[in-house]
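Engineer: okay, predicted coordinates and the sequence, questions at the end:
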Amino acid sequence: MPHQDNIWRPSFLSPIGSFTVGDSVMKNDMTAAVVARKLLISKDNILLSKWSDKLVVKDSLALNVQSIPTHLGKSKVLEELELSVNIFDGSIPIQIVGYQNLTLIDLSGNQLSGIVLDGIGDLAKLEVLILLANRLSDRIPQSISSITSLWRFAANSNNFSGSIPGGIAKHLKNLDLSYNNLSGLIPSHLLSLSNLQTLDLSNNRLEGQIPPVLSPSLVMLRLGNNLLDGVILLTRKTAKLTWHTGQNLTNMNLQGNKLSGSIPASIASMDSLMELQLGENQLSGDIPRMPMSLQIALNLSSNHF
């Protein structure tokens, strides 16, 4: 293959002999997406493959083998690891940490179990980490909070337990930990982080009161189906004005908790709010005027109005 073309044509050993992915060719620094389901061999947890060109900048593999291979190309150049929606089982191999240039890891929709090792925090260039829809358990590693480049972390629909690590979202824009077994209090500063835009902690066992300060950057807040109690009292960072901080919120779901008291009248000033879910709580009192922006859903069912 002429080097001047900067073309990567990956070849694999397969049950039917040597297999070259001729339909997945990208040039220069573009991502080469290789889909070779059921044609790849994993031996001793190593993917049997060879490179036909040394100039490889980004790789993105979609595989169909039983366990995550620990050798996936050249560790110094691999930037994107896409292994979603397969039948991988077992644990996440610590060898992944050796791929220090990774910016994206997507292991969603598999049957992975066990813990997420603290070493994941050593991936200093990681921007997106998606672990949703597996069987991962134990605590969410504190080391994730040390990845300054990480802006999206999705670990929903697993079996994680324990408390939410403090500082986990200090660099994140999007955090989804819904549908786990997390318990304890919501970290006091979690909702007030200026970088956070979407937060989903629904369907856990979180308790205590909702932290009273919301960041103006929040667009979506989902805390439904937990054990949260107390009154709804959300204030802006700079002034004690109930609910005024949520000027950019479009979706708020606090349904299925133990919230009591009344709905603050100042909710009417949340001009961007399109969906409000407050059903299945213990709210009472007069129902205030709602924002004119509501158009998706308003749910106040199963309260004490």
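Structural biologist: Now that the structure is in, tell me what you want to look at.
Engineer: gap between the residue found closest to A268 once you drop the neighbours it is linked to in the chain and Q111?
Structural biologist: Nearest in space to A268, with sequence neighbours left out and distances taken as C-beta to C-beta, 6 or more residues apart in numbering, is R289 at 4.5 Å. Where C-beta positions appear, they are placed from N, C-alpha and C, glycine not excepted. Separation of R289 from Q111 (C-beta to C-beta, to the nearest Å) stands at 49 Å.
Engineer: one more: N281?
Structural biologist: N281 is 36 Å from Q111, by C-beta to C-beta.
Engineer: more crowded one of these two?
Structural biologist: Each of N281 and Q111 has its neighbours counted (other C-beta atoms under 10 Å); N281 has more, 25 against 13.
Engineer: the more buried one - nearest residue in space that isn't next to it in sequence?
Structural biologist: Distances taken as C-beta to C-beta, 6+ apart put L259 closest to N281, at 4.2 Å, once the chain neighbours are dropped.
Engineer: beta partners of that neighbour?
Structural biologist: When assigned by DSSP bridges, L259 has beta-bridge partners G230.
Engineer: what distance do you get for it to T103?
Structural biologist: 39 Å.
Engineer: before we move on, the earlier item: residues in contact with the residue nearest to N281?
Structural biologist: L259 is in contact with I210, L228, D229, G230, V231, I232, L278, N281, Q282, L283, counting by C-beta atoms under 8 Å, 6 or more residues apart in numbering.
Engineer: show the model's pLDDT score for it.
Structural biologist: L259 carries a pLDDT value of 96.
Engineer: now do V57
Structural biologist: In this prediction, V57 has a pLDDT value of 27.
Engineer: flag the shaky bits of the stretch 1-150 of the chain, pLDDT-wise.
Structural biologist: Counting by pLDDT under 70, the low-confidence segments of the stretch 1-150 of the chain come to 1-65, 74-75.
Engineer: tell me where it has strands.
Structural biologist: Assigned by DSSP state E, counting those that start in this stretch, the strands in the stretch 1-150 of the chain fall at 11-14, 17-20, 32-35, 42-43, 46-47, 49-50, 59-62, 80-82, 89-90, 104-106, 111-114, 128-130, 135-138.
Engineer: just the stretch 201-305 of the chain next, same as before
Structural biologist: Going by DSSP E, counting those that start in this stretch, the stretch 201-305 of the chain shows strands at 205-208, 220-222, 227-231, 251-253, 258-261, 275-277, 282-283, 297-299.
Engineer: ok, which of the ones you listed comes nearest L132?
Structural biologist: Among the strands of the stretch 201-305 of the chain, strand 220-222 comes nearest to L132, with 14.4 Å by C-beta to C-beta.
Engineer: just name whatever secondary elements that closest one is in contact with.
Structural biologist: In this structure, strand 220-222 packs against strand 198-200, strand 251-253, with contacts taken as 3 or more C-beta pairs under 8 Å, 6 or more residues apart in numbering; DSSP states H and E.
Engineer: next, the buried residues of stretch 203-210.
Structural biologist: Residues of stretch 203-210 classed as buried by neighbour count (16 or more other C-beta atoms under 10 Å): N203, N204, L206, I210.
Engineer: if I look at the last one, how far off is N251?
Structural biologist: Using C-beta to C-beta, I210 is found at 15 Å from N251.
Engineer: returning to that earlier point: let me have the helices and strands packed on strand 220-222 in CSV, adding mean neighbour count and mean pLDDT as columns.
Structural biologist: Output for the helices and strands packed on strand 220-222, formatted as CSV (neighbours: other C-beta atoms under 10 Å; pLDDT from 0 to 100):
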stretch, mean neighbour count, mean pLDDT
strand 198-200, 21, 98
strand 251-253, 21, 96
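Engineer: in TSV: those, plus distance to E80.
Structural biologist: Formatted as TSV, the helices and strands packed on strand 220-222 follow (distance: least, C-beta to C-beta, whole Å):
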stretch	distance to E80
strand 198-200	22
strand 251-253	29
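Engineer: S149 is nearest to which of those?
Structural biologist: Across these, the minimum distance to S149, taken as C-beta to C-beta, is reached by strand 198-200, at 18.1 Å.
Engineer: direction included, what does that closest one pair up with?
Structural biologist: If you go by DSSP bridges, strand 198-200 pairs up with strand 174-176 (parallel), strand 220-222 (parallel).
Engineer: chain center to the first one: distance?
Structural biologist: Going by C-alpha atoms, centre = their mean, to the nearest Å, the spacing between the C-alpha centre of strand 174-176 and its chain's C-alpha centre is 5 Å.
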